[in-house]
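In: make a model of this:
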Amino acid sequence: MDERVRLLLEIFDQAYTAPSWHGTPLKGTLRGLSGRAALWRPGPKRHCIWDLALHTAYWKCMVRRRLVRDPDIAFPRDGANWPALPERPNDAAWNRDRNLLDEQHRLLRRAIAGLKPAELGRRGWHSRWPVRAEIYGIASHDLYHAGQIQMIKRLMTRR
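Out: This next block holds a predicted model:
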């Protein structure tokens, strides 16, 4: 595998699952949370952890669509950017949505691994950003929301 692609995969995985010096990756922030805890909102009209999990899954799907240039790739849930929570937000639904996030990560990882080095500099489909920026951007996106989730969890324990 090309060294540049390998490095992008390392950054991508580190933000989601791998041990890292910066702290807990996104998947780790969700570990051990119940569906009820994932629904807690720090204030009116503020996002809950469940919202953030679906939002990050949605954007992994959209980046994959941009990388592989496939208009048929669609997020498997209603809504865009901030998909709606399930009608019955219970622990089973929470586990399904965490699995959906894992699946979107795996699918995007496979797309990244399949890139040729020459593709890293071209623009993503319907994007103003080069492919390499889409990849480190989605890793940064995971870390941004991992930080939010850690803050929400801290606020939850202080109520």
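
In: list the contacts of residue 73.
Out: Residues counted as contacts of residue 73 (Cβ atoms under 8 Å, 6 or more residues apart in numbering) are 61, 64-65. C-betas here are computed from N, CA, C, even on glycine.

In: let's see that with 6 Å instead.
Out: Contact analysis of residue 73 by Cβ atoms under 6 Å, 6 or more residues apart in numbering lists residue 65.

In: could you do residue 107 as well?
Out: residue 64.

In: distance of it from residue 122?
Out: 20 Å (Cβ to Cβ, to the nearest Å).

In: just checking, what packs against the longest helix seen in the chain?
Out: The longest helix of the chain (DSSP state H) is helix 131-157. Counting contacts by 3 or more Cβ pairs under 6 Å, 6 or more residues apart in numbering; DSSP states H and E, helix 131-157 is packed against helix 3-16, helix 26-30, helix 49-68.

In: what about the chain, any weak spots by pLDDT?
Out: Where the chain drops to pLDDT under 70, the residues are 159.

In: just want the most central residue of it.
Out: Centroid check for the chain by Cα atoms, centre = their mean gives residue 56 as the closest residue, at 3.2 Å.

In: and for the nearest residue to that residue once chain neighbours are set aside, the neighbour number?
Out: Leaving aside its sequence neighbours, residue 56 sits nearest to residue 145 (Cβ to Cβ, 6 or more residues apart in numbering; 5.3 Å). Close neighbours of residue 145, defined as other Cβ atoms under 10 Å, add up to 21.

In: swap in the one 4 residues further on?
Out: Here the count is done by other Cβ under 10 Å, and residue 149 has 23 residues near it.

In: distance check, it against residue 73.
Out: Separation of residue 149 from residue 73 (Cβ to Cβ) stands at 26 Å.

In: before we move on, the earlier item: and the longest helix of the chain with helix 49-68, angle?
Out: 180 degrees (axes from the mean of the first three to the mean of the last three Cα atoms, to 10 degrees).

In: buried set for stretch 140-158?
Out: Neighbour-count burial for stretch 140-158, counted by 16 or more other Cβ atoms under 10 Å, picks out 141-143, 145-146, 149, 152-153.

In: can you give the distance of that stretch from its chain's centre?
Out: Centroid separation for stretch 140-158 versus its chain: 13 Å, with Cα atoms, centre = their mean, to the nearest Å.
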